[in-house]
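In: Have a look; sequence and predicted model below, questions after that.
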Amino acid sequence: MSQTEEYKGFRANIPLKRISVEENKTWHVYDTGAISTGSSPLLCLPPIAGTADVFFKQILALSKRGYRVLAASWPVYWTHEAWCHGLAQLLDQLGLERVHILGAALGGFLAQKFAEVTRDCPRVASLILCNTFIDTAIFNFSDEATSIWMLPALVLRRMVLTGLHIGGGSDPGMEDAKEFIYEGLKTFEQADLASRLTLSSLPAVVASNNIHDLPVTIIDVFDDCSLTQDVRDSTYKSYPSAKLAHLKTGGNFPYLSRSEEVNLYIAIHLRNFETAVA
């Protein structure tokens, strides 16, 4: 997938911005599409194994529809609170009061925490949650969370790959998506891997009762992915008014393997906010 003309065109035409929010904290952001005063753009947050470019298909397709789309990779943070503070600073730097957030896996969990932390002064207009969760206990790493930072990169990378437990078999789209994620994972430094694993392991539960009034769309797949059905059901129950967007197949990374379907669901979600389109 990284060798396709589509991806090469994306990298050639859309610059990766480096935005510093505080000393030694630099976010990496792709930003494209219509910039309209008063509108809330879509911010995409990747999974534990992905960087901002995993959403290149969303950026290309949705920006053509008139939406401003950003995708961000975050620097090293060791607590959910610090991460949320960092995202708030990033939005301030970009001059964005509120954003719609598409979050995948860990990105989806952190998006929910950000909505929770900022509920008294809302920074989140709506949520699109893809293959995500509400409780880090599902990973069974809470006892090790405070010592993950000491592990070597090779061990951390294996932990991430083991946690993904990706199927896909002979499906070309899903196999290409897996390979793309694997390639990106190789570029992570030890601190980045340790930070992301720590954020997915520290004991934390989303207090969804504080944010369930937000418009939410849950994008889920019917085939195998890293999340058990019990985990998915917990997310559904946390957002009883959410719109469910089910894909027959797609695996862990449907925004790559089934991008046209995912993009359609995202566009349907954003149509409810007329000011999102220039």
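Out: Right, received. Where do you want to start?
In: And the contacts of the helix or strand hosting L102?
Out: In this assignment (DSSP states H and E), L102 forms part of strand 99-104. Strand 99-104 is contacted by residues 40-47, 50, 54-55, 58, 70, 91, 109-112, 114-115, 123-132, 253, 255, 266, 269-270, 273, 276 when judged by C-beta atoms under 8 Å, 6 or more residues apart in numbering. (C-beta placed from N, C-alpha, C; glycine too.)
In: Please state the offset of that strand from the chain centre?
Out: The chain centre lies 7 Å from the centre of strand 99-104; the measure is C-alpha atoms, centre = their mean, to the nearest Å.
In: which is the next helix or strand following it?
Out: By DSSP H and E, the next helix or strand past strand 99-104 is helix 106-117.
In: With just CA atoms, put that next one into CSV.
Out: Output of helix 106-117 as CSV, limited to C-alpha atoms (Å, rounded to 0.1, in the frame of the first residue of the first chain):
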residue,chain,number,x,y,z
LEU,A,106,-6.3,3.6,21.3
GLY,A,107,-7.0,6.8,19.4
GLY,A,108,-10.7,6.2,20.0
PHE,A,109,-10.2,5.6,23.7
LEU,A,110,-8.1,8.8,24.0
ALA,A,111,-10.7,10.8,22.1
GLN,A,112,-13.3,9.7,24.6
LYS,A,113,-11.1,10.7,27.5
PHE,A,114,-10.5,14.1,25.9
ALA,A,115,-14.2,14.6,25.5
GLU,A,116,-14.6,13.7,29.2
VAL,A,117,-11.8,15.9,30.4
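In: so of the contacts of strand 99-104, which ones are in helices?
Out: Residues of the contacts of strand 99-104 located in helices (DSSP state H): 58, 91, 109-112, 114-115, 255, 266, 269-270.
In: who wins for neighbours among those?
Out: Neighbour counts for these, by other C-beta atoms under 10 Å, peak at Q112, which reaches 29 neighbours.
In: For the residue nearest to that one when sequence neighbours are not counted, give its distance to R98.
Out: Nearest in space to Q112, with sequence neighbours left out and distances taken as C-beta to C-beta, 6 or more residues apart in numbering, is V206 at 4.4 Å. Distance of V206 to R98, given as C-beta to C-beta, to the nearest Å: 19 Å.
In: Just want to know which of the two has more residues nearby.
Out: V206 (26 against 16).
In: Now do the more buried one against A115, distance only.
Out: 9 Å.
In: what does L193 give?
Out: Taken as C-beta to C-beta, the span from L193 to A115 is 26 Å.
In: quick one, what contacts the nearest residue to D31 once chain neighbours are set aside?
Out: Once flanking residues are discounted, D31 sits nearest to L70: 4.8 Å by C-beta to C-beta, 6+ apart. L70 is in contact with 29-32, 41-44, 94, 99, counting by C-beta under 8 Å, 6+ apart.
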